[in-house]
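**Q** Give me a model of this one.
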Amino acid sequence: MDELIERLAEKAGLEKAVAGKSVGIILGFLRNEGPQEPVQALIDTIPGAEDAIASADSARGGLGRLVGGVMGASLNGGGVMAMGARLMGLGLSVADIQKLARELFHIGREKIGADQMAAIVAGTPGLRQFT
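**A** Now for the predicted structure:
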């Protein structure tokens, strides 16, 4: 996971801590909203992914619900708007989120192949805007 986070931080121009939290948020979103088999295949190829998702899930406290309510999306589920709100809560701009997602999906294609990543993008509502 450290190598993945370093690569994402460098490519997206983010601090490593923010990149690490972002990975957990994005993978958690994919697990909740995307097609189960290809998403799980991706998660299984990333050492530490389960811990990152669990950490992101545990960080959904009161501020997350407040931001979700203001943004009109529940951060305890909530789809692409909730994911975006959580990432923006880390200080990311829309452009930062797009850079991060593009690089993460590039890594995903390396790990599980272009067809499986295409299935994730096609099968996850709202995800195409970040690819």
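**Q** number of nearby residues for the residue lying closest to residue 97 once chain neighbours are set aside?
**A** Take residue 97 and drop its neighbours on the chain: the residue closest to it by Cβ to Cβ, 6 or more residues apart in numbering is residue 87, 5.1 Å away. The C-beta positions use only the backbone N, C-alpha and C, and glycine is treated the same way. A count of nearby residues for residue 87, using other Cβ atoms under 10 Å, gives 23.
**Q** these two touch, right, residue 87 and residue 24?
**A** No - assessed by Cβ atoms under 8 Å, residue 87 is found out of contact with residue 24, at 10.7 Å.
**Q** Quick one, grab the pLDDT at residue 71.
**A** For residue 71, the pLDDT comes out at 42.
**Q** Revised request: answer the last question for residue 66.
**A** Looking at residue 66, the pLDDT reads 43.
**Q** for residue 129, same thing?
**A** pLDDT recorded at residue 129 is 80.
**Q** ok, how many other residues are close to it?
**A** Neighbour tally, residue 129, other Cβ under 10 Å: 11.
**Q** just residue 29 next, same as before
**A** Neighbour number of residue 29 under other Cβ under 10 Å is 25.
**Q** Ignoring the adjacent residues along the chain, who's closest to it?
**A** In space, and not counting its chain neighbours, residue 29 is closest to residue 83: 4.1 Å by Cβ to Cβ, 6+ apart.
**Q** Quick check: that neighbour touching residue 25?
**A** Yes - Residue 83 lies in contact with residue 25 (Cβ under 8 Å); the separation is 6.2 Å.
**Q** excluding its backbone neighbours, what's nearest the residue nearest the centre of the chain?
**A** Of all residues in the chain, the one closest to the mean position by Cα atoms, centre = their mean is residue 26, 1.1 Å from it. Excluding the flanking residues, the one nearest residue 26 by Cβ to Cβ, 6+ apart is residue 104, at 6.1 Å.
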